[in-house]
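Asks: here is the input, now give the coordinates:
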Amino acid sequence: MLAEDQWWFNLATQKVEQGLGAPNVERLGPYETEAEAAGVLDRMHARNEAWDREEHDSNIARDDAE
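Replies: Now for the predicted structure:
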């Protein structure tokens with residue numbers, strides 16, 4: 001896939017953009033579709049919540065074992 005065909009989520013503007021644009025340090029991607037780029041923050045939040053739950057459960061299990 002060519003760079004100009006890829007999609008990115010710009011963290012500074014909170015908008016999806018296509019192709020070469022803002023420096024990569026300011027954006028997430030690349031993604032193959034606009035929809036995939038647009039949903040990146042929702043996926044990140046869901047993963048973080050899942051990791052937080054796993055860590056919490058792991059801490060409880062460790063505390064119970066002590």
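Asks: what are the ranges of the helices in this protein?
Replies: 34-38, 40-65 (DSSP state H).
Asks: any buried residues in the shortest one, and which?
Replies: To tie it back to what came earlier, the one meant is helix 34-38. Within helix 34-38, the residues that count as buried by 16 or more other Cβ atoms under 10 Å are residue 37. For every residue, glycine as well, the C-beta is placed using N, CA and C.
Asks: what residues does that helix touch?
Replies: With Cβ atoms under 8 Å, 6 or more residues apart in numbering as the test, helix 34-38 has contacts from 7, 8, 9, 16, 18, 28, 29, 31.
Asks: now tabulate the residues you listed in JSON lines and tack on neighbour count.
Replies: Converted to JSON lines, those look like this (neighbours: other Cβ atoms under 10 Å):
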{"residue": "7", "neighbour count": "22"}
{"residue": "8", "neighbour count": "24"}
{"residue": "9", "neighbour count": "23"}
{"residue": "16", "neighbour count": "20"}
{"residue": "18", "neighbour count": "16"}
{"residue": "28", "neighbour count": "15"}
{"residue": "29", "neighbour count": "17"}
{"residue": "31", "neighbour count": "19"}
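Asks: now, the most widely separated pair of these?
Replies: 18 and 28 (13.6 Å; Cβ to Cβ).
Asks: residue 16 pairs with what?
Replies: Residue 16 has these beta-bridge partners by DSSP bridges: residue 9.
Asks: now for residue 18 and residue 28: what residues contact both?
Replies: Residues touching both residue 18 and residue 28 (Cβ under 8 Å, 6+ apart) are residue 8.
Asks: show me where pLDDT drops low in this protein?
Replies: Counting by pLDDT under 70, not a single residue of the chain qualifies.
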